[in-house]
Structures are given as C-alpha cells and as structure tokens.
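A.B. asks: Let's see this in three dimensions:
(chains A and B)
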Amino acid sequence: AQSVTQLDSQVPVFEEAPVELRCNYSSSVSVYLFWYVQYPNQGLQLLLKYLSGSTLVKGINGFEAEFNKSQTSFHLRKPSVHISDTAEYFCAVIDRGSTLGRLYFGRGTQLTVWP
Amino acid sequence: NAGVTQTPKFQVLKTGQSMTLQCAQDMNHEYMSWYRQDPGMGLRLIHYSVGAGITDQGEVPNGYNVSRSTTEDFPLRLLSAAPSQTSVYFCASSYSIVGNEAFFGQGTRLTVV
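C.D. replies: Below you'll find the predicted structure:
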C-alpha cells in the first residue's frame, strides 16, 4: 500500500510571495499523482494531475507541480500567491497497476496567505 | 449538470442511532467511494464501489455499510452511531478506476453526541 507524506501541515506566506508545498510518496512503482484543493466548507477539486509524459505539470490558478521519480516526490509550486489561494491542499497517489484505483491521500497542507 | 450530490449537509445524531448518508452522481461514473475527513488525518477511505453490485472495504470500514444497486447512487449507512464517527464525510466518483479525476461532493458534517 502507498503512503503519502505532506511534510508541512501549515504554510503561512505573504501575498505575492512564491510557495512550495511538498509531497512524497512511499512506493517506487509507477503511479498517477494528483493535487487537490479544498476551500473552506467545500469539497475537494482537482488542481492538477500527472499521468505520463512531461514531468512538469501545469494546473489551474497558476499552480504547477514537478514529478521526480527518483525522489518519489510531487511538489506543488506557485510563483506568486494571492489571498484567494488560502485553502487546504492534498496530495494523492494511485498505483498504475492497481485494478482498484484507490486514491491514497496525504494529511493535507493548510496554506494561509497574508496581505 | 449536478455532479456529485450529498445529502444531508449537516446532521446531529445521538449515540446508537442509525442513519444513511446519501450520495448521487449524474455523470455515469463507474467508480464511487466514501471518505471521512478528520483534522490532521487527511481523507481516509471507508468503502468503495467499482460498479453496480460491487463494493469493497477501504481503510476504515468498521461501523459503516454500503450498497450499490444503481450506477448513480452509493449510500453510506451508519449502523449504530458512535462519537468516534463524528467527522466530515465526502463521497467521490470517477469515470474509470485509474488515472481519472475524482469528483467530490460538498460533504456531510456529522456530529454524534
């Protein structure tokens, strides 16, 4: 089974600063990788996903993530954050070979953007 | 297009009561699942289904039952509510098992007193 580690539970940052939210997963088998965002009192919505191809993936709202197979990482980045980016962010993994398609989630990182 | 609809949005139960959380999707998705979200724990899988008539246990299935009689609906039943089941519950669906985006409902905030 996979485990997903989000190294920072809280990331405070000032508006217009860059941010990186870190994600590592446990297994070296081939995986699909996702980042989801959850705004207060809402469900999760997909930010971006890596299925294959280029290791740099661009998503919505100016976010991007880079898949690093050797380091089993999938860190999320944004060069300049806005107050509206304040939310909880979840990294998730599916094993490619899985017939069950189970999503394994990290514990989440709360991003707070200050003016 | 409603997506994934969960009802109710909020619920308070007394210990020992039973109830059903409803989940419906209108996207003809085969794969549906239930998660619970607790502070600092992320999302943990309760039960999932890969199609009508097929369900299986996830990470934290105890105290919960599911069934999948139609593609659209995937209700979650709490058999005898306990305070440890106080949580936010999310239903999700996706078109196929692997590699596709999961769509989430808005969640049900359940409190067991």
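
A.B. asks: Now do the same for residue 43: its pLDDT.
C.D. replies: No chain was given, so I picked chain A. pLDDT, residue A:43: 88.

A.B. asks: that's the wrong chain, I wanted chain B
C.D. replies: The model's pLDDT for residue B:43 equals 90.

A.B. asks: for the helix or strand of chain A with the lowest mean pLDDT, packing partners?
C.D. replies: In chain A, the helix or strand scored least confidently by mean pLDDT, DSSP states H and E is strand A:104-105, which has a mean of 90. With contacts defined as 3 or more Cβ pairs under 8 Å, 6 or more residues apart in numbering or on different chains; DSSP states H and E, the packing partners of strand A:104-105 are strand A:87-95, strand B:42-51. (Each C-beta comes from the backbone N, C-alpha and C, glycine too.)

A.B. asks: give me that answer again for 6 Å
C.D. replies: strand A:87-95 (3 or more Cβ pairs under 6 Å, 6 or more residues apart in numbering or on different chains; DSSP states H and E).

A.B. asks: where's the strand it packs on relative to the chain centroid, distance-wise?
C.D. replies: On the basis of Cα atoms, centre = their mean, to the nearest Å, strand A:87-95 is displaced by 5 Å from the centre of the chain it belongs to.

A.B. asks: Same check on stretch B:22-36?
C.D. replies: 8 Å.

A.B. asks: picking up where we left off before, contacts for the least confident helix or strand of chain A?
C.D. replies: A:2, A:4, A:90, A:92-93, B:42-43 (Cβ atoms under 6 Å, 6 or more residues apart in numbering or on different chains).

A.B. asks: pLDDT below threshold where in chain B?
C.D. replies: Flagging of chain B using pLDDT under 70 yields the residue ranges B:1, B:97-99.

A.B. asks: try chain A
C.D. replies: For chain A, applying pLDDT under 70 flags the ranges A:28, A:98-101.

A.B. asks: Spell out which parts of it neighbour chain B.
C.D. replies: A:32, A:43-44, A:46, A:51, A:94, A:101, A:105-108 (Cβ under 6 Å from any Cβ of the partner chain).

A.B. asks: hang on, the earlier thing: which neighbours in the sheet does the least confident helix or strand of chain A have, and how are they oriented?
C.D. replies: Looking at strand A:104-105 with DSSP bridges, its partner strands are strand A:87-95 (antiparallel).

A.B. asks: pull the CA atoms of the partner strand into CSV?
C.D. replies: The C-alpha trace of strand A:87-95 is given here as CSV (Å, rounded to 0.1, in the frame of the first residue of the first chain):
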residue,chain,number,x,y,z
ALA,A,87,-7.1,26.7,1.4
GLU,A,88,-6.1,23.2,2.3
TYR,A,89,-4.1,21.3,-0.3
PHE,A,90,-4.0,17.5,-0.6
CYS,A,91,-1.6,15.3,-2.5
ALA,A,92,-2.9,12.0,-3.7
VAL,A,93,-1.5,8.9,-5.4
ILE,A,94,-2.9,5.9,-7.4
ASP,A,95,-0.7,2.9,-8.2
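
A.B. asks: Brilliant, that's me finished.
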